[in-house]
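In: what follows is a predicted protein model with its sequence.
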Amino acid sequence: MNKSHNKASRAARNAKKANKREKLTENEAVELTSSSERAGFIRRLAAMIYDTLVAVAVGMCAAMVVIVTLIVLLSNGILDLQGYEQPAELIQASTGYKLLIQVWVGLWVVGFFLWFWKRGGQTLGMRAWRLRIFSTVDAPMTWPRLLIRLVASLGGLGTLLVLFDFKHKQSLQDRLAQTQVLKLTKESNDHKSW
């Protein structure tokens, strides 16, 4: 009985803390959007290069996990070698296994961007260059909106629109997902809620 009471009270405290963090984030967002300027192309490009390096590392780790798993399953006879002597030969020759690896890696890379955007409005590269995503409408940053933003970025090509949009400095992904990327001060870039 005592353990269940402790779990319930701990869960209630955690919920209150999370709610408080959300409210602080909303209040900070209103303050920041009114006082911050939108990020220019060079700063966005620097953050994209940084994030590309991190995304490649995430993809390599994800690929390693799935490839090692496949090799173990094939070597132990759990999956059929289909007449090949070595698991690596089958993996290289099989379109299905290659597709599985590519989809797995793609999901991890997409998850990297979406998780960081949803969690704090910044990826690691954006945090290093003091950039953060904010909504331009009075609506929460939902997973579908963030997915639209990711797809509309066209692998970074959507950011080229910032070069031509002198007045608003908005990329294609910002326009379609109704977001904006703001340049933060050092103080506002400090994330206690992470």
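Out: That came through fine.
In: what about the most centrally placed residue in the chain, which helix or strand?
Out: With distances taken as C-alpha atoms, centre = their mean, residue 113 lies nearest the centre of the chain, 1.4 Å away. Assessed by DSSP states H and E, residue 113 sits inside helix 95-120.
In: so how far is that helix off the chain centroid?
Out: Helix 95-120 sits 10 Å away from the centroid of its parent chain (C-alpha atoms, centre = their mean, to the nearest Å).
In: quick one: average pLDDT of that helix?
Out: For helix 95-120, mean pLDDT rounds to 96.
In: which of the helices and strands in the protein ranks last by mean pLDDT?
Out: helix 2-35 (a mean of 53; mean pLDDT, DSSP states H and E).
In: wouldn't the residue nearest to the centre of the chain be in contact with residue 55 here?
Out: Yes. At 7.4 Å, residue 113 counts as touching residue 55 under the criterion of C-beta atoms under 8 Å. Heads up, the C-betas are built off the backbone N, CA and C, glycines and all.
In: about what we covered before: the residue nearest to the centre of the chain and residue 161: what is the separation?
Out: As judged by C-beta to C-beta, to the nearest Å, residue 113 and residue 161 stand 19 Å apart.
In: cool, residue 101 as well?
Out: From residue 101 to residue 161 the distance is 33 Å (C-beta to C-beta).
In: sorry, back to before: could you give the angle of the next helix or strand after the least confident helix or strand of the chain to helix 95-120?
Out: As assigned by DSSP H and E, the chain's next helix or strand after helix 2-35 is helix 41-75. Using axes from the mean of the first three to the mean of the last three C-alpha atoms, to 10 degrees, the inter-axis angle of helix 41-75 relative to helix 95-120 is 140 degrees.
In: tell me the mean pLDDT over helix 41-75?
Out: 97.
In: name the helices or strands packed onto it?
Out: If you count contacts as 3 or more C-beta pairs under 8 Å, 6 or more residues apart in numbering; DSSP states H and E, helix 41-75 packs onto helix 87-93, helix 95-120, helix 124-128, strand 131-135, helix 161-164.
In: now these as TSV including distance to residue 175?
Out: Formatted as TSV, these follow (distance: least, C-beta to C-beta, whole Å):
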stretch	distance to residue 175
helix 87-93	41
helix 95-120	16
helix 124-128	18
strand 131-135	13
helix 161-164	8
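In: tell me which of these sits most buried.
Out: strand 131-135 (a mean of 21; mean count of other C-beta atoms under 10 Å).
In: ok, residues contacting that strand?
Out: 29, 32-33, 39, 43-44, 47, 117, 120-122, 126, 141, 145, 149, 178-184, 189 (C-beta atoms under 8 Å, 6 or more residues apart in numbering).
In: cool, stretch 54-67 as well?
Out: Here stretch 54-67 has contacts from 91, 100-101, 104-105, 107-109, 112-113, 123-125, using C-beta under 8 Å, 6+ apart.
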